[in-house]
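> All I have is the shape, not the residue letters:
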């Protein structure tokens, strides 16, 4: 296996490698999350997941949370595509100020999308518990 980081790479080179890797990772995670969200919605709405009257509010809250996360996901899905195109601008940079701008934009976006994935993971845990109790 070829090393991705060469001995002559400096910190900036390594940051650019991570920059590209993050974009690829986000696209993959968002694509899979779309499939998961669709599955969870179908499962929640299916007759298999009928609940007692006292559990309806919990199920409704989960449905509402899932619809909310689906909307946020759709926004990130379209944003990451635009961000990928815009991020190519870093390859045209001639100075440190330009690279710094793109790296700061990347860092800001990284914090937002990782927060989304954290919230989504929390919702999945709640869904797993809900489904497990009914199996």
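Yes, it's here. Everything numeric here is computed off the predicted structure, so don't read it as measured data. Residues are numbered from 1 along each chain as shown.
> Poorly predicted segments of this structure, please.
Applying pLDDT under 70 to the chain picks out residues 1-17.
> quick one: contacts for the residue of it positioned farthest from its centre?
In terms of distance from the mean C-alpha position of the chain, residue 53 ranks first, at 34.0 Å (C-alpha atoms, centre = their mean). Listed by C-beta atoms under 8 Å, 6 or more residues apart in numbering, residue 53 has no contact partners. Where you see a C-beta, it was placed from the backbone N, CA and C, and this is true even at glycine.
> just residue 120 next, same as before
Neighbouring residues of residue 120 by C-beta under 8 Å, 6+ apart: 33, 69, 73.
> Just give me the longest helix of the chain.
Secondary structure of the chain per DSSP state H: the longest helix is helix 96-132.
> now that helix: how far from the chain's centre is it?
Taking C-alpha atoms, centre = their mean, to the nearest Å, the mean C-alpha location of helix 96-132 is offset from the chain mean by 6 Å.
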